[in-house]
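Asker: Here's a sequence, model it:
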Amino acid sequence: MTSIGDAWRLARQRIDRLDARLLIEYVSGCSHADLIAHPTRRLSELQVRRLDTLVRRRASGEPLAYLLGSAGFYGREFKVTGDVLVPRPETELLVELALERLRHVAEPVVADLGTGSGALAVTLKCLCPQARVVAVDLSPAALAVARLNASLHRATVRFVEGDWYGPLTDEHFDLIVANPPYVAAADPHLERGGLPFEPRLALTDGVHGGDGLACTRVIVGGAVRHLLPGGWLLIEHGHEHGVAVRHLLHRAGLSEVATWPDLSGSERVSGACLVGGRD
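Answerer: From the prediction side, this is the model:
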């Protein structure tokens, strides 16, 4: 039988050291301390086969989060499957900007468009429990994952199936957040790293126009009809899209248009608010 120490050494020859360690711990149920202190602990034949399968999948580029079934986001763990994007650290900027705008609203009403795993909606509800949060997604499979995450974190979020504002009819919000598909259909990055394993519908707007801004145009274009006076729209976008998104926000008649950089310095989130009433 194979020891966890031997299995770790073999796995490190094929994939990143940290990834190998996390997969060993996941399959064996041991902690990092166990791995170091008890490297002769034996794996069963079933565990060895399962580990080999996971290592092969990781070596092929499949994201580690899909293999482990979860990913961290803003200090919490979220279940993920191949039906949703893996939450990115860059998206945590949306949480920070949202919380700044909710701080002085007594009982804010919040919409998360294209919720995916529910990471944004659930995190905002956990950190702003007085908020009423609705999360929208076109994919029933993604909504199933999001509902699971809401249950795991005991967050009361209303989930609805539909395309952007479609199921929200005449509802209005103090805050709308969105992390829509923004990778252009022809972008070569779609075929690199772990992106081929993630849902294409959540990555690119290729079926809508292909320039990476089609979904953003819909979200910005409908914001005025769904924002309360003083309400904000915050939208994540590609690092090259800042100028274009600011133009869309201005053209929609929104005010206080701004863009904020992520930790790498790339323009990542743009937003604006609705001043006064709606037409």
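
Asker: how about stretch 12-30 as PDB, C-alpha atoms only?
Answerer: What follows is stretch 12-30, C-alpha atoms only, in PDB (Å, rounded to 0.1, in the frame of the first residue of the first chain):
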ATOM      1  CA  ARG A  12       4.600  16.700  -6.900                       C
ATOM      2  CA  GLN A  13       6.300  15.300  -9.900                       C
ATOM      3  CA  ARG A  14       3.200  16.000 -12.000                       C
ATOM      4  CA  ILE A  15       1.500  19.100 -10.500                       C
ATOM      5  CA  ASP A  16       2.300  22.100  -8.300                       C
ATOM      6  CA  ARG A  17       3.500  21.200  -4.800                       C
ATOM      7  CA  LEU A  18       0.600  23.100  -3.000                       C
ATOM      8  CA  ASP A  19      -2.000  21.500  -5.300                       C
ATOM      9  CA  ALA A  20      -0.500  18.100  -4.600                       C
ATOM     10  CA  ARG A  21      -0.700  18.700  -0.900                       C
ATOM     11  CA  LEU A  22      -4.300  19.900  -1.000                       C
ATOM     12  CA  LEU A  23      -5.400  16.900  -3.100                       C
ATOM     13  CA  ILE A  24      -3.700  14.500  -0.700                       C
ATOM     14  CA  GLU A  25      -5.400  16.100   2.200                       C
ATOM     15  CA  TYR A  26      -8.700  16.000   0.400                       C
ATOM     16  CA  VAL A  27      -8.500  12.400  -0.500                       C
ATOM     17  CA  SER A  28      -7.100  11.100   2.700                       C
ATOM     18  CA  GLY A  29      -8.900  13.300   5.100                       C
ATOM     19  CA  CYS A  30      -5.700  14.300   6.800                       C
END
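
Asker: Could you pull up the mean pLDDT of the host helix or strand of Leu249?
Answerer: Element membership for Leu249 (DSSP states H and E) is helix 242-251. Mean pLDDT, computed over helix 242-251, is 95.

Asker: Leu254 and Leu234 touch, don't they?
Answerer: No. Between Leu254 and Leu234 there is no contact under C-beta atoms under 8 Å: 11.3 Å. No exception for glycine: its C-beta is placed from N, CA and C like everyone else's.

Asker: ok, back up a step: for the helix or strand that the helix holding Leu249 is followed by, name the packing helices and strands.
Answerer: Downstream of helix 242-251, the first helix or strand assigned by DSSP H and E is strand 255-261. Strand 255-261 sits against helix 242-251, strand 267-273, with contacts defined as 3 or more C-beta pairs under 8 Å, 6 or more residues apart in numbering; DSSP states H and E.
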